[in-house]
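Chemist: Just a sequence and a predicted model for now, questions to come.
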There are 2 protein chains.
Amino acid sequence: MTLSLDEIRRRFRERGVRMTPQRAAIYGALARTANHPTAEDLYREVKKIHPMISQNTVYYTLGVLREAGLVREVNYWHDRSRFDANIDLHHHLICLGCRKIEDLMDATLDRLPMRVGGRLDFEVTGHRVEFHGYCAACRRRKRPGAAARRMGPHPSQHLSVQRRRKR
Amino acid sequence: MTLSLDEIRRRFRERGVRMTPQRAAIYGALARTANHPTAEDLYREVKKIHPMISQNTVYYTLGVLREAGLVREVNYWHDRSRFDANIDLHHHLICLGCRKIEDLMDATLDRLPMRVGGRLDFEVTGHRVEFHGYCAACRRRKRPGAAARRMGPHPSQHLSVQRRRKR
DNA sequence: TGATATTTAGGAACCATTCCTATCGAGGAA
DNA sequence: TTCCTCGATAGGAATGGTTCCTAAATATCA
C-alpha cells in the first residue's frame, strides 16, 4: 500500500517520531511492499532516492519506528531481521524453499494465549506462531532438501536481491 | 536427565554419529540440563572435563547432532542460538523478565498445522509457537521495568530484539 | 593392526548490527 | 521568518556469535 507523504507525516506525528526525508522514504518503502524486507533491502531501495544514505541511518530509523510501534521486527531463525509495516496482530507462513514470509490472519491463533496462559503459572503477554513449509510456487518446483536448513541464497522478490554468504 | 555413556553411545550409533569423548560430554551436558544453553554455555561446561576443547568443536558437534536429529536448535529473536536435547514436539514459554525458556507440552498446539495447512495453498511441514510473558518467579518479583520498557508498548505485537549484554 | 576418512583445535575470517562522533537539519520559540 | 538547540545523519570503526581453513589427532572398519 503506497502512503502519501502527508499520511506518513501524520503517523509519525501521532507517535512522536521526528520527520525527515530519509525516514519517510524508509517507512514508505516498507509500507509499499508485501514482502518482509531486511534492513539491507530497505537500504538499497531507499538509496535510489537518497544516494548518500547510510546503512546506519536505516538501522537507527527502523529501531525508532519499532520503538514507536510503527513497525514490527520479524526475526526468523538465524536470518537477519526482517521488517513489517503491518502492525496488526498476525502470524507468518515461512517458506523453506524460497524463504518468503507470508502473512497469516487467523482469529483462532490470536486467541491461543488465553487458553495456555490460564493453565500455567505464566503470565502471557504475547505470542508468536510460525508455520514452516513450502509455498505454492515451491510446491510446484522440486523440493529443495537440505538447502532449506542451510539458508543459502534464495530467489527473492521485488525489493530484495540478496546474497548472504558470498564465497 | 543424566545419561550413561552407554546410552549416549547407543543413541549416537542409532543415528550414525561418530562417538568421541568431546561429543559425549557435549551431548551429556545438554541432556543433563532443563535450561536451554547456548553454545558458549556448553563450551564452558564441557571445558571442566576437556580443558583443551575449542568453541569450534562445540559448534561443529552441535551442528552434527542437529543434523542427526539428536538436538534441537532454538533461535530466539536475535539472541544467540540455544540448544535442547529434548527432541519431542514441544513449544516454549519465554520469560521477558529473566529470559528463561521453559518447555511447554500441549497436544492442541501440536495439531495446529492440520487446520492451517488444509486451509491454504501452503504445505506445512512444521511449526513453532512461542508465548512471551512472565514466569512464576518474575511475576512475584517486581515487574522488570527496564526490560518491559525495552519491549515497547505492545509486546505481543512487536517484541523488541534483546541485544546481547554489554561487555 | 593398518588404512582412511572424520574430527579436533586454533586461528582467521565473516558479516549483521552496534558504537562513536563530527556535522547537519527539523521544528519549536521568538 | 530567523535562530537555536537537540536529535538525526553518515562514515568509519568495533563487536561478537558463528563459520571457514588447515594440520594434526583419532575413531571406525577391513
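Modeler: Nice, I can see it.

Chemist: Give me the packing partners of the longest strand seen in chain A, helices and strands only.
Modeler: Criterion DSSP state E: the longest strand present in chain A is strand A:123-134. Where contact means 3 or more Cβ pairs under 8 Å, 6 or more residues apart in numbering or on different chains; DSSP states H and E, strand A:123-134 is packed against strand A:91-95, helix A:112-119, helix B:112-119, strand B:123-134, helix B:155-158. C-beta here means a position set from N, CA and C on the backbone, and glycine is covered the same way.

Chemist: Pick out the shakiest of the ones you listed, pLDDT-wise.
Modeler: Among these, helix B:155-158 has the lowest mean pLDDT, at a mean of 30.

Chemist: What distance do you get for the residue in chain A positioned nearest to chain B to DNA strand C?
Modeler: With Cβ to the nearest Cβ as the measure, residue A:126 is the residue of chain A nearest to chain B, at 2.9 Å. For residue A:126, the distance to DNA strand C equals 20 Å [Cβ to the nearest atom of the strand, to the nearest Å].

Chemist: Bridge partners for that residue, pull those for me.
Modeler: Bridge pairing for residue A:126 (DSSP bridges) gives the partners residue B:132.

Chemist: I'd say it and residue A:113 touch.
Modeler: Yes. Contact criterion Cβ atoms under 8 Å: residue A:126 and residue A:113 qualify, at 7.4 Å.

Chemist: circling back: so what angle separates the directions of the longest strand of chain A and strand A:91-95?
Modeler: 30 degrees (axes from the mean of the first three to the mean of the last three Cα atoms, to 10 degrees).

Chemist: what's the following helix or strand after strand A:123-134?
Modeler: Using DSSP states H and E, the next helix or strand after strand A:123-134 towards the C-terminus is helix A:136-140.

Chemist: Residues contacting that following helix, please?
Modeler: For helix A:136-140, the surrounding residues in contact (Cβ atoms under 8 Å, 6 or more residues apart in numbering or on different chains) are A:95-98, A:144, B:121-123.

Chemist: distance of the most centrally placed residue in chain A from residue A:121?
Modeler: Nearest to the mean C-alpha position of chain A, counting by Cα atoms, centre = their mean, stands residue A:83 at 2.7 Å. Counting by Cβ to Cβ, to the nearest Å, the gap from residue A:83 to residue A:121 is 34 Å.

Chemist: Can you tell me, leaving aside adjacent residues, what's nearest to residue A:141?
Modeler: residue A:97 (6.7 Å; Cβ to Cβ, 6 or more residues apart in numbering or on different chains).

Chemist: Run a quick neighbour tally on that neighbour.
Modeler: 20 (other Cβ atoms under 10 Å in any protein chain shown).

Chemist: Chain A: strands as residue ranges?
Modeler: A:72-74, A:82-84, A:91-95, A:101-104, A:123-134.

Chemist: Let me have those strands in CSV, extended by distance to residue A:20.
Modeler: Output for the strands of chain A, formatted as CSV (distance: least, Cβ to Cβ, whole Å):
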stretch, distance to residue A:20
strand A:72-74, 20
strand A:82-84, 18
strand A:91-95, 30
strand A:101-104, 28
strand A:123-134, 30
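
Chemist: Pull the number of nearby residues for residue A:89.
Modeler: The number of residues near residue A:89, taken as other Cβ under 10 Å, comes to 16.
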